[in-house]
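S.K.: Kindly generate the corresponding structure for this input.
(4 chains)
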Number of protein chains: 2
Amino acid sequence: MKLPDIADVARRSGVPASTLRFYEEKGLIVSVGRRGLRRLFDADVFDRLALIALARVAGFTLEEIALMFAPEGRPRIDRKLLAAKADELDGTIRKLAAISDGLRHAAACRAPSHFECPTFRKLMARAASGAIRAPVKKRKRR
Amino acid sequence: MKLPDIADVARRSGVPASTLRFYEEKGLIVSVGRRGLRRLFDADVFDRLALIALARVAGFTLEEIALMFAPEGRPRIDRKLLAAKADELDGTIRKLAAISDGLRHAAACRAPSHFECPTFRKLMARAASGAIRAPVKKRKRR
DNA sequence: GTACTTCTTCAAGTTAACTTGAGGTCAAGC
DNA sequence: GCTTGACCTCAAGTTAACTTGAAGAAGTAC
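M.R.: Numbering: from 1, shown residues only, chains lettered A, B, ... in the order given. Okay, here's the model as predicted:
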């Protein structure tokens, strides 16, 4: 019963210890005890972290993720809301696919500025139809 | 030759005037003159804004987007980089698709906490394979 | 049992992408 | 020609998600 401590988790998951502490504070993960001062985690923390990472990719905030992990409190994420989120994701997926196509074309094309190429523009126009709002942001890689 | 002023652009695009000013400051859009103090824009600013929104969905930072719009400076976004971006996007797309499936299942399933459902877990595990890093974040809607 | 390392807490700092507020200006309507 | 309302600038504030730093404690190696 060798529980991983924070350093083990950080090493094996790639998530910095500072982030693990931060996540614990936010209720996203829990430590199951201490060895001295040092936090000990259950082995399933790795699944949790993977899930958290995925949910973040999908555009959920940490707060929303914490709610989904809700222990007993029943903050009921209802069916409608989940289905709506799925729909939203599908829309995003379609846009990303168009952008991916656009980028690949731009990589091959010789227009002065990529966004000037008519083919690229056409792809983008298709992707943009219906939505000019873009609330997703990527942070720099560590 | 009735150029749209900042209020027109804000109204028709849904992008707040403060954001338009901010984007101009960052070099993402340009105003072509003033009527009094009031900025005037070229009609193509709407395309620009749509493109910016799309690029943001795809996870580009404003800085990266500004570079792609690069006028003459030739800061050469090279083919390899674009292709790499496209690959990255494709990976993201696969994950989002899995999450979308997962969400739809969760919406139908009656597990106590969504992330406890074994079917959901399985979907997520598939999506998570190979990547525990998640540098995308969504901001609140206006 | 002393040194060393690595953890601990807590507060403050960072970054991206905006938003808000104070004080000022100008075209347009009356 | 004066009032009004919407824009202007510039600085400072906001939010999410972390990171960094200072000061201290505890298990581990010698």
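S.K.: longest single helix anywhere in chain A?
M.R.: helix A:79-108 (DSSP state H).
S.K.: quick one: it near chain B?
M.R.: Yes. Using CB under 8 Å from any CB of the partner chain, helix A:79-108 reaches chain B at A:79-80, A:82-83, A:85-86, A:89-90, A:92-93, A:95-101, A:103-104, A:106-108. Every C-beta, even on glycine, is put in place using the N, C-alpha and C of the backbone.
S.K.: That helix: what's the following helix or strand?
M.R.: helix A:118-128 (DSSP states H and E).
S.K.: Report the angle between that following helix and helix A:79-108.
M.R.: 180 degrees (axes from the mean of the first three to the mean of the last three CA atoms, to 10 degrees).
S.K.: tell me the mean pLDDT for helix A:118-128?
M.R.: On average, the pLDDT along helix A:118-128 is 73.
S.K.: before we move on, the earlier item: buried residues, the longest helix of chain A. List them.
M.R.: Neighbour counts over helix A:79-108 (16 or more other CB atoms under 10 Å in any protein chain shown) mark A:82, A:85-86, A:89, A:92-107 as buried.
S.K.: same check, this time on stretch A:14-30
M.R.: A:15, A:19-20, A:23-24, A:28-29.
S.K.: Adding distance to DNA strand C, pLDDT and secondary structure, write these out as a markdown table.
M.R.: Below are the buried residues of stretch A:14-30 laid out as a markdown table (distance: CB to the nearest atom of the strand, whole Å; pLDDT from 0 to 100; DSSP: H, G, I helix; E, B strand; the rest coil):
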| residue | distance to DNA strand C | pLDDT | secondary structure |
| --- | --- | --- | --- |
| A:Val15 | 13 | 96 | coil |
| A:Thr19 | 11 | 98 | helix |
| A:Leu20 | 8 | 98 | helix |
| A:Tyr23 | 12 | 98 | helix |
| A:Glu24 | 8 | 97 | helix |
| A:Leu28 | 15 | 95 | coil |
| A:Ile29 | 12 | 96 | coil |
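S.K.: The residues you listed also near chain B: which ones?
M.R.: Restricting the buried residues of stretch A:14-30 to those near chain B - CB under 8 Å from any CB - leaves A:Val15.
S.K.: Test my guess that A:Val30 contacts A:Glu24.
M.R.: Yes. Between A:Val30 and A:Glu24 a contact is recorded at 6.6 Å, counting by CB atoms under 8 Å.
S.K.: Give me the common contacts of the two.
M.R.: Common contacts of A:Val30 and A:Glu24 (CB atoms under 8 Å, 6 or more residues apart in numbering or on different chains): none found.
S.K.: Could you check how many residues crowd around whichever residue of chain A sits closest to DNA strand C?
M.R.: In chain A, the residue that lies nearest DNA strand C is A:Ala7 (2.7 Å; CB to the nearest atom of the strand). For A:Ala7, the tally of surrounding residues (other CB atoms under 10 Å in any protein chain shown) stands at 12.
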